[in-house]
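Student: Structure for the following, please:
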Amino acid sequence: MASALVSVPDLVRVLDLTGVFANALLGGAVARRHEFDPVGFAALAIVSGLGGGLIRDTLLQRGTPVALTNYAYLTTALIGAAVAFAVRFEGHLWERLFPFVDALALGCWAAVGAQKTLTLGLGWLPAVLLGTVTAVGGGAVRDIAVGRIPTIFGGNTLYATCAVIASGTLVLIQLWGYPQAGLVVATVVGAVLCLLARWRGWILPERVEWRRPDRFLTRRRKDK
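Tutor: Below you'll find the predicted structure:
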């Protein structure tokens, strides 16, 4: 039974490259909106598809980032750029497809980032942190590259929060001794939460307003 299961390294690789391709497509879609040339498409696809993993691997300080040593990562990002350049991702079909691509990228990377951190012997809190960084880092760098405030900073439906929850899910399930299941479940949790947040309009509060109770104000007026 155990031999029939996909090994953890193989599953990590599949999920990681899936996230690279999905976010490279999103980078290409942004390049299309800004009417960039092929160099711009490639640059945004690489930044978007590899940025989060590069940040994670740099923080882990366990050798050269995998995106620079394994050609599959850069190749996958460039394929995503080519697809985005050749196919116009716009209109009703893209508006329906985009949330799924975005959610898939977030779920894959949150799971992979947390799992890689645990594998290197770090604790649950760094795993949640780096899972989240892996999921949102590339998109944040992409937004900065085109001169806009990263969407994860507020005013949008839950995104980084979904990555935090997905990373935490991976940590819990892996601590129970089910690493393969943890990768799959965490990916699904992150993706589903991201989709639900978009469809239901879930956002975090931008401010907290403190108000004195009306009863207290009425009493103050009577005292005067």
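Student: mind checking which helix or strand residue 111 is in?
Tutor: helix 91-119 (DSSP states H and E).
Student: what angle do the helix or strand just after that helix and helix 91-119 make?
Tutor: Scanning forward in sequence from helix 91-119 by DSSP H and E, the next helix or strand is helix 124-145. Angle between the axes of helix 124-145 and helix 91-119 is 140 degrees (criterion: axes from the mean of the first three to the mean of the last three CA atoms, to 10 degrees).
Student: now the helices for the protein?
Tutor: Applying DSSP state H to the chain gives helices spanning 8-33, 38-60, 66-69, 71-86, 91-119, 124-145, 160-175, 179-200, 214-223.
Student: so which of those helices comes closest to residue 154?
Tutor: Of all those, helix 160-175 sits nearest to residue 154, with 9.8 Å by CB to CB. (Glycine included, C-beta is placed from N, CA and C.)
Student: quick one: low-confidence ranges for this structure?
Tutor: By pLDDT under 70, the weakly predicted segments of the chain are 1-6, 90-91, 208, 210-224.
Student: Just want the most central residue of it.
Tutor: Geometric centre of the chain, nearest residue: residue 135, 2.6 Å, by CA atoms, centre = their mean.
Student: hang on, the earlier thing: tell me what angle the helix holding residue 111 forms with helix 38-60.
Tutor: On the basis of the same axes, to 10 degrees, helix 91-119 is oriented at 20 degrees to helix 38-60.
Student: and helix 91-119, how far from the chain's centre?
Tutor: Here helix 91-119 is found 6 Å from its chain centre; the criterion is CA atoms, centre = their mean, to the nearest Å.
Student: for it, packing partners?
Tutor: Applying 3 or more CB pairs under 8 Å, 6 or more residues apart in numbering; DSSP states H and E, we find helix 91-119 packed against helix 8-33, helix 38-60, helix 124-145, helix 160-175, helix 179-200.
Student: Throw those helices into a markdown table and include distance to residue 92, thanks.
Tutor: A markdown table is the format used below for those (distance: least, CB to CB, whole Å):
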| stretch | distance to residue 92 |
| --- | --- |
| helix 8-33 | 15 |
| helix 38-60 | 23 |
| helix 124-145 | 23 |
| helix 160-175 | 25 |
| helix 179-200 | 16 |
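Student: Minimum distance to residue 89: which of those helices has it?
Tutor: Of those, nearest to residue 89 by CB to CB is helix 8-33, at 4.6 Å.
Student: Show me what counts as buried in the closest one.
Tutor: Under the neighbour-count criterion of 16 or more other CB atoms under 10 Å, helix 8-33 has 11-13, 15-32 buried.
Student: Give me the angle between it and helix 38-60.
Tutor: Going by the same axes, to 10 degrees, helix 8-33 makes 140 degrees with helix 38-60.
Student: Specify the angle between helix 8-33 and helix 160-175 in degrees.
Tutor: Interaxial angle of helix 8-33 relative to helix 160-175 (the same axes, to 10 degrees): 170 degrees.
Student: nearest to residue 84, of the helices and strands packed on helix 91-119?
Tutor: Of all these, helix 8-33 comes closest under CB to CB, at 2.2 Å.
Student: burial count for residue 7?
Tutor: Residue 7: 12 surrounding residues under other CB atoms under 10 Å.
Student: Understood, closing this out.
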